[in-house]
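>>> I'll drop the sequence and a predicted model, then ask my questions.
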Amino acid sequence: MQTPDRQFLERLSIETRGREMREITSTVADVLRRQGARDGLLTVFIRHTSASLTIQENADPDVRVDLLDTLDRLAPADAPYIHTIEGPDDMPAHVKTALTDTSLSIPVEGGRMVLGTWQGLYVVEHRSRRHVRDVVLHYLGTARD
């Protein structure tokens, strides 16, 4: 086993169009390639409490529709929330983020994320309007020669 000799921290600005699952797999893969990552661990972190990260199927777009609809049923905008100062979609967004993830750890092998055949990495926008979401990538591992 090789000792880690490469570490980097990179920030991404991901523009969302409102409630959606924005796939960022290729964007993150490009960063790994550009930074010379080989084998290690990638931590992906989103710096928000009303958007989240998930690894999910990327073959059938109906999966994303169903997931977003299910999250809406679990945390409806018309529930009697106390926190309403930022609008009716804010507190449901916090609930949805609590049910998903703000940080993911993804193994990297041969410079590529070790994802399943039909898996993609997504930013999940829980608010109804556009946002720019900050995603931080931290890699620790070995570098390509």
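Received the coordinates, thanks. Since this is a predicted model, take the numbers as computed values, not measurements. Numbers count the residues shown, from 1 in each chain.
>>> for Ala93, helix, strand, or coil?
helix (DSSP: H, G, I helix; E, B strand; the rest coil).
>>> Can you report how many residues neighbour it?
Neighbours of Ala93 under the rule other C-beta atoms under 10 Å: 25. Any C-beta I mention is one placed from the backbone N, CA and C, and that applies to glycine too.
>>> And it, how far from Gly120?
Plainly put, Ala93 is 21 Å away from Gly120 if you go by C-beta to C-beta, to the nearest Å.
>>> For Ser105, which residues count as its bridge partners?
Thr43 (DSSP bridges).
>>> That one: how many residues sit nearby?
11.
>>> can I assume it is in contact with Phe45?
No. Between Ser105 and Phe45 there is no contact under C-beta atoms under 8 Å: 9.9 Å.
>>> Within the helices and strands, which one has the residue lying closest to Glu10 once chain neighbours are set aside?
Among residues not flanking Glu10 along the chain, Leu137 sits closest, at 4.8 Å (C-beta to C-beta, 6 or more residues apart in numbering). Assessed by DSSP states H and E, Leu137 sits inside strand 131-143.
>>> Please identify the buried residues of that strand?
Neighbour-count burial for strand 131-143, with 16 or more other C-beta atoms under 10 Å as criterion, is recorded at 131, 133, 135, 137, 139-143.
>>> Same check on stretch 93-107?
Buried-residue list, stretch 93-107, by 16+ other C-beta under 10 Å: 93-97, 100-101, 104, 106.
>>> how long is that stretch from one end to the other?
Across stretch 93-107, the terminal residues are separated by 28 Å (C-alpha to C-alpha, to the nearest Å).
>>> Mind listing residues that contact that stretch?
With C-beta atoms under 8 Å, 6 or more residues apart in numbering as the test, stretch 93-107 has contacts from 40-46, 48-55, 71, 74-75, 83, 113-115, 121, 124, 126-127.
>>> Show me where this protein has its helices.
Assigned by DSSP state H, the helices in the chain fall at 25-35, 61-74, 90-99.
>>> can you state the direction angle for the second one and helix 90-99?
Right, the one you point to is helix 61-74. Helix 61-74 and helix 90-99 are oriented at 120 degrees to each other (axes from the mean of the first three to the mean of the last three C-alpha atoms, to 10 degrees).
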